[in-house]
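# A predicted structure for the sequence below; I have some questions about it.
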Amino acid sequence: MPIKIPNELPATSTLTRENIFVMTEKRAITQDIRPLQLLLLNLMPNKVATETQLARVLGNTPLQIELELIAPSGHVPKNTPQEHMLSFYKTFDEVRDRDFDGLVITGAPVENKPFEEVNYWPELCEIMEWSKEHVHSTLHICWGAQAGLYYHYGIPKRPLPEKLFGVFPHTVEEQGFILFRGFDDVFWVPHSRHTTVDRADIEAVPALKILASSPEAGIYAVKTDGGRQIFLMGHAEYDRDTLKNEYDRDVSTGSSIHLPKHYFPNDDPTQFPVVTWRSCANLLYTNWLNYNVYQTVPYDIRDIRLGKRTQENEI
């Protein structure tokens, strides 16, 4: 089944070329099923790249999905044309009275600031509080995960001695975690961040369970009971050249940056990066949509506010 996104969204042509089934709005109205309603809160500076990356992994499932985009109000992105924002993005006020099967909160390049100094922090807190009643399962990514753990559970982010930058091997903490069903014993995930969360801080919260981690990158995946909130510290959705573009940008501006680890063949930045994480990324998002959203969400989306779930199969 396809992902339904606006006809003119730049991601549409990209995903069509990649043979990912994108349904036009016109065709979608003829489908006699209830598609999953997903909301993407995009906090990344290059909105087009991020929405395409996430639409790609969200659209690679047997489920029909309707994806809507929102961004913080009053915050003008520097790397996305304003006409794109006006054409495809809504404000939180435009969706606050609705209910959604899933919400994705992206990362943001504001790690070195205290949460309270981020200019859209009050609105983000309002959205995260709203999600507890209006969203069946919320997926937080990178800084979005750190923000969610801090807001909901008081877990602080910790500065790293140097930027965590590269693609790192991970393992599932215990066999049977349904979010990682079908994963290999070792799987790879890109990371690009200056801060982290400590295992001890998470283990001190009974409501949280660590799902996967990395010897080099630390904690990767955390969930609450039933998977209503999931926190991912890395960027499984990244494109082949995302880390390369970030590295090239910093080199060109004279910023201090080391080579991304386990990324360029022979650590040679002139060589083409080899993708080692795409199959895991697709499986991760498929599992989230299937087990944490589709199989437990009530058919009547309004029942989300009543906390109804069709079954509890999360381990």
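Great, that's in hand. Given the structure is predicted, the values throughout are model-derived calculations rather than measurements. Numbers count the residues shown, from 1 in each chain.
# Flag every buried residue along stretch 151-161.
Residues 151-153, 155, 157 are the ones in stretch 151-161 that count as buried (16 or more other CB atoms under 10 Å). To be clear about C-beta, it is placed using only N, CA and C from the backbone, and glycine gets the same treatment.
# Helices - which of those land there?
Secondary structure from DSSP state H places 151-153 of the buried residues of stretch 151-161 in helices.
# how far out from the middle of the chain is the lengthiest helix in the chain?
If you go by DSSP H, the chain has its longest helix at helix 121-134. Computed by CA atoms, centre = their mean, to the nearest Å, the chain-centroid distance of helix 121-134 equals 16 Å.
# and that helix, which residues are buried?
Across helix 121-134, burial judged by 16+ other CB under 10 Å covers 121, 123-125, 127-128, 131, 134.
# In CSV, list those residues along with distance to L9.
Output for those, formatted as CSV (distance: CB to CB, whole Å):
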residue, distance to L9
W121, 28
E123, 23
L124, 23
C125, 28
I127, 22
M128, 25
S131, 23
H134, 24
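# P72: which of the residues you listed is nearest?
Using CB to CB, E123 comes nearest to P72 of the buried residues of helix 121-134, at 5.3 Å.
# what's the closest residue to that closest one other than its chain neighbours in contact with, if anything?
Of all residues not flanking E123 in the chain, P72 sits nearest, at 5.3 Å (CB to CB, 6 or more residues apart in numbering). P72 makes contacts with 43, 92, 119-120, 123-124, as judged by CB atoms under 8 Å, 6 or more residues apart in numbering.
# just to revisit the earlier point, which two from the buried residues of helix 121-134 end up farthest apart in space?
Farthest-apart pair in the buried residues of helix 121-134 is W121 and H134; separation 19.7 Å (CB to CB).
# what residue is smack in the middle of this structure?
I141 (4.1 Å; CA atoms, centre = their mean).
# what's the pLDDT at that residue?
I141 carries a pLDDT value of 98.
# correct me, but it touches A108?
No: counting by CB atoms under 8 Å, I141 sits too far from A108 to count as a contact (9.5 Å).
# quick one on the thing from earlier: could you look up the SS state of the residue nearest to E123?
On the three-state scheme (DSSP: H, G, I helix; E, B strand; the rest coil), P72 is labelled coil.
# quick revisit: what is the nearest of the buried residues of helix 121-134 to Y220?
M128 (20.6 Å).
# Quick check, that closest one in contact with H152.
Yes: the pair M128 / H152 is scored as a contact, 6.8 Å apart, by CB under 8 Å.
# Give me the phi and psi angles of the residue nearest to E123.
Torsion angles at P72 (phi, psi; degrees, to the nearest 10) stand at phi -60, psi 140.
# Relative to D93, how far out is it?
Remark: distance between P72 and D93 (CB to CB, to the nearest Å) = 11 Å.
# can you give me the helices in the stretch 1-150 of the chain?
10-17, 25-28, 47-58, 82-88, 121-134, 143-153 (DSSP state H, counting those that start in this stretch).
# Check those helices for me: which has the lowest mean pLDDT.
Among these, helix 25-28 carries the lowest mean pLDDT (a mean of 50).
# Pairing partners for the residue nearest to the centre of the chain in the sheet, please.
L232 (DSSP bridges).
# quick one, what contacts R193?
Contacts of R193 (CB under 8 Å, 6+ apart): 107, 111, 142-143, 160, 163-164, 233.
# Ok, T224 next?
Here T224 is in contact with 207-209, 230 (CB under 8 Å, 6+ apart).
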